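1. this one's structure only:
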Ligand code: UDP
Ligand code: MG
């Protein structure tokens, strides 16, 4: 059970970063000036995802000079999702902001995002880089396609799933499972965890000031594969038989019918004394056989899936949001 944190503060800003030494000081100063002007109590969490430049030195210095700064360093590069995972775990603020370290996200947007969470009751607000300041062919176009597909798969009508600047109610970040490279699908994960008040705010986007993008072109392939996983989990993780059993049944029936037809024709020709080939000389025979076998395989996969779910004793795969009496003290 999660212990209630008594050191409540207004805001945690979580910043995952990889080799961003040129930006960090500027980002820190800009953030502090905006947040102090708003009168928030806040903390800034820098999660160094295995930088090999001077980033960590800078974070250490900033943390020495300002107790509101907390730095974490990964031993190696684990990826942005893992950095966010740690940030989410450590965040103590009532509202949590995530942003990139490369000065592409504008700190001036934060107060409006916080107001949307606090006053309009959103669980999560995602920014939308309406005018995107990135290379068109390598970034903007693939990103448009990605977002279109993500909208179709998830049914969430956001323009921009993968924007680094987002605001969350504290509870949300404590509940969404961040793994693999799922940071691209945070709104989707939030909905699956039962947080469905998701907002969007158009923001000004800025071109990268220093350094270069830390993601290669394989990001889109990974993104697409993750999307297929999510689609599958969303639709079939509770009932694998519906997918595999259905497919298996169709394949099996096709194979079975085809074999019946082939054998029927053969029997008819034999009966009539018409000269015929061996059935094993006919390609149709093998196609039908394959369909039959594939059908059985699919069916078994569905069946095994169901068995695994049956014997999965983890249970408790739910989330009690509220209860009328205080939780009893049970040993873990
Ligand atoms: N980043 C990270 N770990 C990685 C790759 C990126 O923490 O393995 C950080 C990076 O330093 C930046 C943010 O994630 O703060 C977004 O990365 P980037 O700006 O390179 O992505 P883009 O803007 O090109 O989508
Ligand atoms: Mg960037």
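-> Sure, I can see it. These numbers were taken from a predicted model, which means no experiment stands behind them. Numbering: from 1, shown residues only. Ligands and ions are numbered 1, 2, ... in the order given.
2. Can you list the neighbours in contact with stretch 195-207?
-> Stretch 195-207 is contacted by residues 103-106, 109, 112-113, 116, 120-134, 156, 158-160, 163, 165, 169, 171-172, 175-176, 187, 190-191 when judged by C-beta atoms under 8 Å, 6 or more residues apart in numbering. C-beta coordinates here come from the backbone N, C-alpha and C atoms, glycine included.
3. Just the buried ones out of these, please.
-> 103-106, 109, 113, 116, 122-129, 132, 156, 158-160, 163, 165, 169, 171-172, 175-176, 187, 190-191 (16 or more other C-beta atoms under 10 Å).
4. among the residues you listed, which are in helices?
-> 113, 116, 171, 172, 175, 187, 190, 191 (DSSP state H).
5. Residue 138: neighbouring residues, count only.
-> By other C-beta atoms under 10 Å, 12 other residues sit near residue 138.
6. I'd guessed it sits against residue 217; true?
-> Yes: using C-beta atoms under 8 Å, residue 138 is in contact with residue 217, at 6.9 Å.
7. State the mean pLDDT of the longest helix anywhere in the chain.
-> When the chain is parsed with DSSP H, its longest helix is helix 240-272. Averaged across helix 240-272, pLDDT comes to 92.
8. What's the first helix or strand after it?
-> helix 283-311 (DSSP states H and E).
9. List the buried residues in that next one.
-> Buried residues in helix 283-311, defined by neighbour count with 16+ other C-beta under 10 Å: 285, 288, 291, 292, 294, 295, 298, 299, 301, 302, 305, 306.
10. Residue 255 contacts residue 291, doesn't it?
-> Yes: the pair residue 255 and residue 291 qualifies as a contact (C-beta under 8 Å) at a distance of 3.4 Å.
11. May I have the secondary structure class of residue 46?
-> The assignment at residue 46 comes out as strand when based on DSSP: H, G, I helix; E, B strand; the rest coil.
12. Who are the contact partners of it?
-> 15, 17, 24, 59, 62, 63, 69, 70, 71, 72, 101.
13. any idea how far the last one is from residue 44?
-> Same thing as residue 101. 11 Å (C-beta to C-beta, to the nearest Å).
14. Same question for residue 217.
-> To residue 44, residue 217 is 31 Å away according to C-beta to C-beta.
15. Which positions in the stretch 101-250 of the chain make contact with ligand 1?
-> 101, 102, 104, 164, 213, 214, 215 (C-beta under 6 Å from any ligand atom).
16. Excluding chain neighbours, what is closest to residue 163?
-> Nearest residue to residue 163, sequence neighbours excluded (C-beta to C-beta, 6 or more residues apart in numbering): residue 127, at 4.6 Å.
17. wait, is residue 199 part of a strand?
-> Yes: assessed by three-state DSSP, residue 199 belongs to a strand.
18. What count of nearby residues applies to it?
-> Look at residue 199: counted by other C-beta under 10 Å, it has 18 neighbours.
19. Tell me the confidence at it?
-> 94.
20. what does residue 95 give?
-> The per-residue pLDDT of residue 95 was computed as 97.
21. How about the contacts made by it?
-> 10, 11, 12, 114, 117, 118, 167, 168, 169, 170.
22. So among those residues, which ones count as buried?
-> 10, 11, 12, 114, 117, 167, 168, 169, 170.
23. tell me the two of the residues you listed that are most distant?
-> Taking C-beta to C-beta, the two most distant members of the buried ones among the contacts of residue 95 are 10 and 168; they sit 13.3 Å apart.
24. Name the surrounding residues that touch the helix or strand of the chain at the bottom of the mean pLDDT ranking.
-> None of the helices or strands of the chain scores lower by mean pLDDT, DSSP states H and E than helix 218-236, at a mean of 83. Residues outside helix 218-236 that contact it (C-beta under 8 Å, 6+ apart) are 142, 146, 149-150, 153-154, 162, 180-182, 184-185, 188, 192, 242-243.
25. for those, which one is nearest residue 48?
-> Closest approach between the contacts of helix 218-236 and residue 48, by C-beta to C-beta: residue 181, at 18.2 Å.
26. any chance of the buried ones among the contacts of residue 95 in a markdown table, plus distance to residue 204?
-> As requested, the buried ones among the contacts of residue 95 are exported to a markdown table (distance: C-beta to C-beta, whole Å):
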| residue | distance to residue 204 |
| --- | --- |
| 10 | 24 |
| 11 | 21 |
| 12 | 23 |
| 114 | 17 |
| 117 | 20 |
| 167 | 16 |
| 168 | 21 |
| 169 | 24 |
| 170 | 26 |
